[in-house]
Each structure stands twice: as C-alpha cells, then as structure tokens.
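1. any chance you could fold what I've pasted below:
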Amino acid sequence: MTTIPAHVEMTPRRKFSAGKMIGYILLTLGALIMIVPFIWMLSTSLKDQQQLFAWPPNWIPNPFVWKNYTDVIDKINFGLYGWNTLKITAAVTIGRLVFCSMAGYAFARMKFWGSNFLFLMTLATMMISSQITLIPNFIIMRYLGLVNTHLGVVLPQLADGFSIFLMRQFFLTFP
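-> All right, here's what the predicted structure looks like:
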C-alpha cells in the first residue's frame, strides 16, 4: 500500500505577460531607489574625514573606520535614551489600552443620547494632523508644568480616535 496517488495532475504553465514583466521591473527599480540611500548612509558612516569628501566618491570605504561608531556610543548616553524610550512606550501602550478600551466599550455597548454624534466627533479627530496639535499641546503641558517630563510626553498620547474606533469595532464583534 502506498500513499503516492496513481495519477498526478500537472499544474498548468503560466503564460508570459509583458504587463507583469514591466510591473516587476518597475517594482525592482522602485526598491533600488529606496535602498540606495540607506546603503550610501551605511557606507558613509564607515569612512574617515578624507574619504568622506573625496571625489569621485567611493561606495566601499577603504579601510573601514569603526571609530565613528565608538565615538558616537562614547559621547551619547544610549542606555538612558533607550530606557526612557521603553518607559514611555510601555506607559503609552498600557494607558492607551485602558482608556481606549473603556471608550470603545462604551461606544459599542452603551447607547446614550448623543453617542453617535460623540463617536463621529471622535472619528473626526483622525482627520487632524498631529503637527497641528503640537503647539497647543506644548502650551497646555507648559501651563500644567509638565514640560521636560515623561508625563508630558505620555499624557497627550493616552487616547486617540483610531484606537477608540479599533476597540469599538472589536467589542461589536461580541454577541
């Protein structure tokens, strides 16, 4: 007894398509355009001052200068910045989950007067660019005395329209 089928169907050959080929060429060209600046940045970071301004420029530095990286690590306190990033990220994530899940639950399950209008206003906040609210947020944080504090960074990020919308849609899936 064997598990090999008696008759195996061959998959049909794919037809050559000029349109697909042009699409793949354009995608490859686009990918190269996107990755070349990154490769140039990496190459430049491994050059010394003389190689940096040489003409014509060389793609591959000779020799590699790793001292640039050690200088940056020595002069900048990456540990402190990394720890601050982790603290702020954790606080924003946990706070956003708490506040947006409560708001999303309220919009999904509790029908009160003006709930649809309030939800639409919450969705309308997604149309406001964060750059527009930057200066008003700074003025409010300065008034509250929260400039140059972690709370001043976390507080404006605790709730946003998209997260509330996402949580509302999640709670609507429950029977």
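2. which residues are contacting the lowest-mean-pLDDT helix or strand in the chain?
-> Every helix and strand of the chain was ranked by mean pLDDT, DSSP states H and E. The lowest is helix 49-52, at a mean of 78. Identification of contacts with helix 49-52 by C-beta atoms under 8 Å, 6 or more residues apart in numbering yields 44, 58, 61, 62, 65. The C-beta positions use only the backbone N, C-alpha and C, and glycine is treated the same way.
3. just the buried residues of stretch 59-75, please?
-> By 16 or more other C-beta atoms under 10 Å, the buried positions in stretch 59-75 come out as 61, 65, 68.
4. my bad, should have said stretch 101-109
-> Result for stretch 101-109 [16+ other C-beta under 10 Å]: buried residues 101, 103, 104, 105, 106, 107, 108.
5. mean confidence (pLDDT) on it, please.
-> Here stretch 101-109 scores 93 as its mean pLDDT.
6. so what touches it?
-> 115, 118-119, 122, 159, 163-172.
7. how about the helices in this protein?
-> Secondary structure of the chain (DSSP state H): helices at 18-45, 49-52, 67-75, 78-109, 115-124, 134-144, 150-154, 161-172.
8. and for residue 82, the neighbour number?
-> Counted with other C-beta atoms under 10 Å, residues neighbouring residue 82 total 10.
9. distance of it from residue 42?
-> With the distance defined as C-beta to C-beta, to the nearest Å, residue 82 ends up 21 Å from residue 42.
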